[in-house]
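K.L.:
Fold the following, please.
(chains A and B)
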Amino acid sequence: MVAGWRLIPYIAATLVIVPIGVVISSLFTSTSDIWQHLIDHTLPLLLINTLWLTLGVLLGTGFLGISLAWLIAIYEFPGRRFFTWALLLPMAIPAYVTAFVALGLFDFTGPVQTALRGWLESDLHGFPEIRGRTGVIIVMTLAFYPYVYLLARNAFVSQGKRSLEVAQSLGFTQRTGFYKVALPMARPWIAGGLMLVLMETLADFGTVAVFNYDTFTTAIYKAWFSLFSLPAASQLASLLVIIVFVIIVLEQHFRARMRYAENRKSPRADRIQLTGKQKWIALSFVMTVWCFAFLLPLLQLLHWAIQSIALGFDLERYLEFLLHSLTLSSLAVLIICTTITMIVYAARRFPGRSMEFAVRTATIGYALPGTVLAIGIFIPLAWLENLLSEWALTLFQLETGLLIQGTIIVMLLAYLIRFMAVSHYPIHGAMQRITPSIEEAAMGMGLYGWTLLRRIHLPVLKSGIFTGATLVFVDVMKEMPITLMTRPFGWDTLAVRVYEMTSEGAWEQAAVPAVTLILAGLLPILFFMRQTEN
Amino acid sequence: MQIPSLKSRIISTLLWIILSVFITSPVYAEQVVVYSARIEQLIKPMFDAFTQRTGIKVRYTTDNEGALMARLQAEGKNTPADMLITVDAGNLWAASQAGLLRPFDSQILKTNIPEHLRAPDDEWFGLSIRARTIIYNTEKVDPADLSTYEDLADPKWKNRLCLRTSKKVYNQSLVAMMIAEHGEAETEKIVKGWVANLATDPLSDDTRAMEFVAAGRCDLTVVNTYYYGRLMQKDPNLPLGIFWPNQKNGGVHINVSGAGLTRYGKNQQAAEALLEFLSSISAQNLFADVNMEYPVNPNIVPDPVVAAWGKFKQNHINLTKAGELQAEAVKLMDRVGYR
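P.N.:
Residues are numbered from 1 along each chain as shown, chains lettered A, B, ... in the order given. Model (predicted):
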């Protein structure tokens, strides 16, 4: 039993290492001519682009995520209850959709600039170019801030108010209390959210493609699919993996000796009532973010969707897509959250350097560009499949056809490999709240293994698990490359439909599946939010 | 207290998975399995027609070309796929290079498809033509000033040109075919001239490029004609005109959406029948018209909307070059800063 627990993180890490290993296996093949070309003509620009993008998005999501979480968790102002969950909704919109809508509205041909040109009777020469670095950073910030918001809010709700009271009793103002006490205490949660943002930014292909902004990921795609050089793509991808790993290790190192513990849930403290001008400033800040990140894209999509529904709509097929999306997301949530809970628990019970390394490795699948990881997962699976069918043939003279690939097991395994990070950070964060003394006491009373996990940990982990579940559910709904590559015949989902439309540039038609996807994404957000509220 | 509900959930999950095995793996007497980079809406009508005619079921999965090729490669001898469909010749060439396709010596295909639109070794065949041509703003450009792709590098178009990104395979093929025609040094000069004439950073898709032309941000661009068809269908009042370049030399750059039979396909005869059917008169019109493309078979009249854009002389260099020279083209565009 004990050994069994210990093994889980290592198994999970192996699952992730195999596809990454496949991708970087041609690391040492010589591709000096392509590298020389990359170094001479593209690499410097992409490194600078990637660096600025990552920094910008981290700063942006950090600022929005933390400030919104703090406002919502600590203060009372008109509309707070609504925005508590509404601020999560942008998560349901795939980032490249936000990107496309943003360009559609604010670029040269969009209604905003067109109207301005009309009013001012000028050609707006000085108007800032939307399709530039700042534009991508803004769009990604709006799309990804919910990761930070969700995790930070969790931290602030459970300890923010109390930490603030302590700070005030020591004579700090609200402001210094926030910086000196609440913020540092929420660090593991905020760092977790930012890590997710970082990985998502590095792995993004869709958004940067809409903006035609060159990053590391676009270079990997170009090397692989345009220059037909798997080795060069492989080398670029391994650089990316190394960068992410270094960041993870550094982040880990900086808070290695800190302990974050909260031994009992604080009684629900009253929020600080904002008055006068303050409450309207708070409301308009929250409202502005929400409008740009969610309402505007949604309205634009609805507008397009209505136009294209008028041209014909196959309800039955959409129900089928919807059912597939929901089924896959639910199963993925179940599998991923269970696995991560076991991993986090195992890491807690058997701490150590190699265990830590295994857990970190298990969560790195999120940082790899989707298509690259999808192919990395597919190659060993197909190999295994071929091996099985050969055995079946030689041993039993049996023509098996596709045993594994014909099922959704492959998809679920691939989702597990990609999305473990997404539920790891919230569940790991929640685990930090359990003090070792509680565990020791429980073990003293003879609780071990599953019983210990169920009786002591699960109740505390609940909010972390629900947070993780929400993130995984919505992420799987939006996921494209893995779904496209590993889906069995007939298992088309809403995301597949969005891909098909956008790949032919038919954005108006893509709006129907996109809107359905967003609305379906609201379900888990509402459901899990209610669970965490209670 | 949580255990029973968890247990029942796990059981129902397992049931689902087991069930999905049966749901997704039905066995048909005769079938063809297709991996397609051409999207469902643009292939299903032809497959349905084929099934109706022959009783052979067509199963397909869609994805982008890169992923489909990686998939074929990984599945090796065990692949369920009989046919690969792509939306450009370059990727068919790459699939053929990787040993994923097998030759099919068919008199029907040779009769229906002109020589420059299929592989010399019979490993792949073009099924519809996609012409990449010049679209201009009718209020700002006199079509008499237009002549060739090469002329777009002339300084008279400074700050008047919009282009889609060089990351799209359509532009990579265009430049590759120009290398085939003019050689690398000459092509590099031309593409450099394009970049110098750009009015704004390259755009992410053809439709957007035309919208920029229509809104007056630039005066002309180069796009695949079906995008023009779709945009004009939506808004017939846009001030956009179509121009066929290089009519006195070379011809309009074309690419194909095409198909090849996979090396390890299991339903070879059925797949061959499907491929021949796709080149036949009844399927050809459907294949092209569903997306306002041109049939490969020169004897078939295109869709009336498409025919209204006029006849043009197409480039007759074999499309194999688009694949062979694609990597060169990409590097060339990187060198001149065409992003």
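K.L.:
Counting neighbours, what do you get for residue A:451?
P.N.:
The number of residues packed near residue A:451 is 11, by other Cβ atoms under 10 Å in any protein chain shown. Yep, even glycine has a C-beta here, placed from its N, CA and C like the rest.
K.L.:
separation between it and residue A:373?
P.N.:
In this view, residue A:451 and residue A:373 are 37 Å apart by Cβ to Cβ, to the nearest Å.
K.L.:
Equivalent analysis for residue B:211, please.
P.N.:
In terms of Cβ to Cβ, residue B:211 sits 34 Å off from residue A:373.
K.L.:
now swap in residue B:339 and tell me
P.N.:
25 Å.
K.L.:
and those two? which has more neighbours close in?
P.N.:
More neighbours surround residue A:373 than the other of residue B:339 and residue A:373, with 26 against 18 (other Cβ under 10 Å).
K.L.:
Tell me if I am right that that one is in a helix.
P.N.:
Yes. Using DSSP: H, G, I helix; E, B strand; the rest coil, the secondary structure at residue A:373 is a helix.
K.L.:
Go through the helix or strand that contains residue A:38 and flag the buried ones.
P.N.:
For residue A:38, the host element (DSSP states H and E) is helix A:32-41. Neighbour-count burial for helix A:32-41, counted by 16 or more other Cβ atoms under 10 Å in any protein chain shown, picks out A:34-35, A:37-38.
K.L.:
near chain B too, which of those?
P.N.:
residue A:37 (Cβ under 8 Å from any Cβ of the partner chain).
K.L.:
The strand ranked longest in chain B - contacts with which helices or strands?
P.N.:
For chain B, the strand that runs over the most residues, judged by DSSP state E, is strand B:125-137. If you count contacts as 3 or more Cβ pairs under 8 Å, 6 or more residues apart in numbering or on different chains; DSSP states H and E, strand B:125-137 packs onto helix B:169-182, helix B:206-215, strand B:220-224, helix B:225-234, strand B:240-243, strand B:253-262, helix B:281-289, strand B:294-295.
K.L.:
what's the average pLDDT for the following helix or strand past that strand?
P.N.:
As assigned by DSSP H and E, the chain's next helix or strand after strand B:125-137 is strand B:161-162. Mean pLDDT, strand B:161-162: 98.
K.L.:
and what of stretch A:525-532?
P.N.:
Here the average pLDDT along stretch A:525-532 is 76.
K.L.:
Equivalent analysis for stretch B:107-118, please.
P.N.:
Here the average pLDDT along stretch B:107-118 is 97.
K.L.:
Quick one: residues in contact with it.
P.N.:
For stretch B:107-118, the external contacting residues (Cβ atoms under 8 Å, 6 or more residues apart in numbering or on different chains) are B:122, B:124-127, B:129, B:254, B:256, B:258, B:275-276, B:279-280, B:284, B:296-298, B:316-319.
K.L.:
one step back: just checking, what packs against the helix holding residue A:38?
P.N.:
By 3+ Cβ pairs under 8 Å, 6+ apart, helix A:32-41 packs against helix A:230-254, helix B:326-335.
K.L.:
Of those, give the one that comes closest to residue B:223.
P.N.:
helix B:326-335 (17.1 Å; Cβ to Cβ).
K.L.:
Next, the angle helix B:169-182 makes with the closest one.
P.N.:
100 degrees (axes from the mean of the first three to the mean of the last three Cα atoms, to 10 degrees).
K.L.:
relative to helix A:32-41, how tilted is helix B:326-335?
P.N.:
20 degrees.
K.L.:
same for helix B:326-335, what does it pack against?
P.N.:
Packed next to helix B:326-335, using 3+ Cβ pairs under 8 Å, 6+ apart, are helix A:32-41, helix B:89-97, helix B:169-182, helix B:184-197.
K.L.:
Of all those helices, which one is nearest residue A:137?
P.N.:
helix A:32-41 (24.2 Å).
K.L.:
Show residues contacting the closest one.
P.N.:
A:219, A:223, A:227, A:229, A:231-232, A:235-236, B:331, B:334-335.
K.L.:
Give me the mean pLDDT for it.
P.N.:
So the average pLDDT for helix A:32-41 ends up being 89.
K.L.:
Pull up the residues of the stretch 201-339 of chain B that are close to chain A.
P.N.:
Close to chain A, as judged by Cβ under 8 Å from any Cβ, the stretch 201-339 of chain B has residues B:201-208, B:211-212, B:214-215, B:217, B:227, B:230, B:291, B:326-327, B:330-331, B:334-335, B:339.
K.L.:
ok, now with 6 Å
P.N.:
B:201-202, B:204-205, B:207, B:211, B:215, B:217, B:327, B:330-331, B:334-335 (Cβ under 6 Å from any Cβ of the partner chain).
K.L.:
which of these count as buried?
P.N.:
B:201-202, B:204-205, B:207, B:211, B:215, B:217, B:327, B:330-331, B:334.
K.L.:
tell me which of those residues is nearest to residue A:74?
P.N.:
residue B:204 (41.5 Å).
K.L.:
What parts of the stretch 251-400 of chain A come near chain B?
P.N.:
A:331, A:371, A:375, A:378-379, A:382, A:386, A:389.
K.L.:
Filter these down to the ones in helices?
P.N.:
A:331, A:371, A:375, A:378-379, A:382, A:386, A:389 (DSSP state H).
K.L.:
Any chance of a markdown table for the helices and strands packed on helix B:326-335, columns distance to residue A:415?
P.N.:
Listed next are the helices and strands packed on helix B:326-335 as a markdown table, based on distance: least, Cβ to Cβ, whole Å:
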| stretch | distance to residue A:415 |
| --- | --- |
| helix A:32-41 | 32 |
| helix B:89-97 | 27 |
| helix B:169-182 | 29 |
| helix B:184-197 | 42 |
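K.L.:
Find the one among these with the highest mean neighbour count.
P.N.:
Most buried of the helices and strands packed on helix B:326-335 by mean neighbour count (mean count of other Cβ atoms under 10 Å in any protein chain shown) is helix B:89-97; its value is a mean of 25.
K.L.:
Summarise which helices and strands that helix is packed against.
P.N.:
Secondary-structure packing of helix B:89-97 (3 or more Cβ pairs under 6 Å, 6 or more residues apart in numbering or on different chains; DSSP states H and E): strand B:253-262, helix B:320-324.
K.L.:
most packed of these?
P.N.:
Mean neighbour counts for these (mean count of other Cβ under 10 Å) peak at strand B:253-262, with a mean of 26.
K.L.:
What's the mean pLDDT across the helix or strand that that one is followed by?
P.N.:
Next helix or strand after strand B:253-262 toward the C-terminus (DSSP H and E): helix B:268-278. Mean pLDDT, helix B:268-278: 97.
K.L.:
now helix B:268-278 and strand B:253-262, what's the angle there?
P.N.:
Using the same axes, to 10 degrees: helix B:268-278 against strand B:253-262 is 160 degrees.
K.L.:
Can you give me the buried ones in helix B:268-278?
P.N.:
B:270-278.
K.L.:
again with stretch B:47-60
P.N.:
Neighbour-count burial for stretch B:47-60 [16+ other Cβ under 10 Å]: B:47, B:49-51, B:56-60.
K.L.:
now, the most widely separated pair of these?
P.N.:
B:49 and B:59 (15.6 Å).
K.L.:
and stretch A:226-240 with chain B, contact?
P.N.:
Yes. Shown here: stretch A:226-240 in contact with chain B (Cβ under 6 Å from any Cβ) through A:226-228.
K.L.:
Quick one: mark the members of those that sit in strands.
P.N.:
Per DSSP E, the subset of those in strands is empty.
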